[in-house]
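*Asks:* Provided below for reference: sequence and predicted model.
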Amino acid sequence: RKNVMSEINPLYGARKSVKEEDFPELPRNSLKLLHPLGNGAFGEVYKGAYFPSREKNESISVAIKTLSKEATDEHKNDFLMEAVLLGSLKHYNIVKLIGVSFIRVPKFLILEFMEGGDLKTFLQANRPTFNNKTTLKMTDLLRIAMDIVDGCKYLESLRFIHRDLAARNILLTSRGVGRVAKIGDFGMAKDVYKSEYYRKSKNSLVPVKWMPPEAYLDGVFSTKTDVWSYGVLLWEILTFSYIPYPGLSNHEVIQCVAKGDRMCPPRYCPKPLKALIESCWRTEPETETDV
Ligand SMILES: C[C@@H](Oc1cc(-c2cccc(S(C)(=O)=O)c2)cnc1N)c1cc(F)ccc1N1NC=CN1
């Protein structure tokens, strides 16, 4: 089997064989775990502090993804793959890999810490309700959308397909004005390097509500897959993170999308943005968007 990694991401060709020593190994005693942030795919994610120099007592906030000792070899490989991917992506709107600590168990991936947390939680916390208007303006929402587009353009320039663009995988540098959105998690992208695309049997893990028909029906992925997901992400931003296709199961979504049904952006969505979202959801991925 041809190595699918090289088909997708030319950068990979540069790394003939990935070795753990390819990464900036940070001394374990320069890292401190502070408190758990939640669960990642392979284990806990912690807020931590990294002390770059032994002399000065300065530290920078980091997020530490840990690989639990019980992790299977497959998980170990996925963990290393994620380091490969994050280590090879350098863009303002993609969360930075600061280093790794593979020398001890549990292994660590050390990421830049994003004070604003994930976009899904942020939008839900700022959802306008009848007795309190949101402080967010349409320009705030559009700025977030533009930040993500810049990260996506960079991925496309590397012919890299993310496969799981969604508000849950976007992080914010802060909750306040001047916040910057960055693509923060590549969980699905590295899975594909494991073997065939998505094994249909793992349907439950496949984010159907964010995927175009050709992806979940035929396993065909391309940058257009991310374009479709980006359209759903725009809808999430405008609705302050409703779950897409409210009330519909994954199976019902497959049915109605196949019939040509699409979600409607909310009434207050600017007309040009409505047209853009609809162009992301064209049935034929190859039709040029005439927006
Ligand atoms: C791996 C983890 O990375 C981070 C999470 C948070 C972060 C995430 C949530 C809340 C807070 S905070 C502001 O409450 O400390 C900080 C901040 N910076 C990160 N680099 C992450 C990246 C994503 F793209 C999406 C979700 C998460 N996680 N993983 C476990 C929980 N979220």
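*Replies:* Okay, I see it.
*Asks:* quick one: residue 107 and residue 67 touch, right?
*Replies:* Yes. Counting by C-beta atoms under 8 Å, residue 107 touches residue 67, with 4.3 Å between them. Every C-beta, even on glycine, is put in place using the N, C-alpha and C of the backbone.
*Asks:* Tell me if I'm right that residue 159 and residue 226 touch.
*Replies:* No. With contact defined as C-beta under 8 Å, residue 159 does not reach residue 226; the gap is 11.2 Å.
*Asks:* Have a look at those two and say which one is more surrounded.
*Replies:* Using other C-beta atoms under 10 Å as the criterion, residue 159 and residue 226 rank with residue 226 on top: 24 against 13.
*Asks:* How about the contacts made by residue 232?
*Replies:* 165, 166, 209, 210, 244, 263, 280 (C-beta atoms under 8 Å, 6 or more residues apart in numbering).
*Asks:* Could you tell me which of those count as buried?
*Replies:* Neighbour-count burial within those applies to 165, 166, 209, 210, 244, 263, 280; the criterion is 16 or more other C-beta atoms under 10 Å.
*Asks:* quick one, helices of the chain?
*Replies:* For the chain, helices defined by DSSP state H occupy the ranges 4-8, 10-14, 73-88, 119-125, 138-157, 187-191, 213-218, 223-238, 250-258, 271-280.
*Asks:* what's the closest non-adjacent residue to the residue of the stretch 51-200 of the chain found nearest the ligand?
*Replies:* Here the residue of the stretch 51-200 of the chain nearest the ligand is residue 184; by C-beta to the nearest ligand atom that distance is 2.5 Å. Leaving aside its chain neighbours, residue 184 sits nearest to residue 171 (3.5 Å; criterion: C-beta to C-beta, 6 or more residues apart in numbering).
*Asks:* does the one you found really touch residue 119, like I thought?
*Replies:* Yes. Using C-beta under 8 Å, residue 171 is in contact with residue 119, at 7.1 Å.
*Asks:* low-confidence ranges in the stretch 1-150 of the chain?
*Replies:* Scanning the stretch 1-150 of the chain for pLDDT under 70 picks out 1-22, 41.
*Asks:* what does it put close to the ligand?
*Replies:* By C-beta under 6 Å from any ligand atom, the residues of the stretch 1-150 of the chain that approach the ligand are 37-38, 40, 45, 47, 63, 65, 95, 111, 113-115, 117-118.
*Asks:* Which members of the contacts of residue 232 are the farthest-apart pair?
*Replies:* Greatest spatial distance among the contacts of residue 232 (C-beta to C-beta): 165 and 263, at 15.7 Å.
*Asks:* picking that back up, the more surrounded of residue 171 and residue 119?
*Replies:* Between residue 171 and residue 119, residue 119 has the larger neighbour count (other C-beta under 10 Å), namely 27 against 24.
*Asks:* The closest residue to that one other than its chain neighbours: neighbour count?
*Replies:* Computed as C-beta to C-beta, 6+ apart, the closest residue to residue 119 that is not its neighbour in sequence is residue 170, at 3.9 Å. When neighbours are counted by other C-beta under 10 Å, residue 170 registers 28.
*Asks:* what's the answer for the one 5 residues further on, then?
*Replies:* As a burial measure, the neighbour count of residue 175 was computed by other C-beta under 10 Å and equals 14.
*Asks:* Which pLDDT value goes with it?
*Replies:* For residue 175, the pLDDT comes out at 97.
*Asks:* Verify the contact between residue 250 and residue 210 for me.
*Replies:* No. Between residue 250 and residue 210 there is no contact under C-beta under 8 Å: 10.7 Å.
*Asks:* Residue 257 - nearest residue in space that isn't next to it in sequence?
*Replies:* Per C-beta to C-beta, 6+ apart, closest to residue 257 is residue 213, 5.9 Å.
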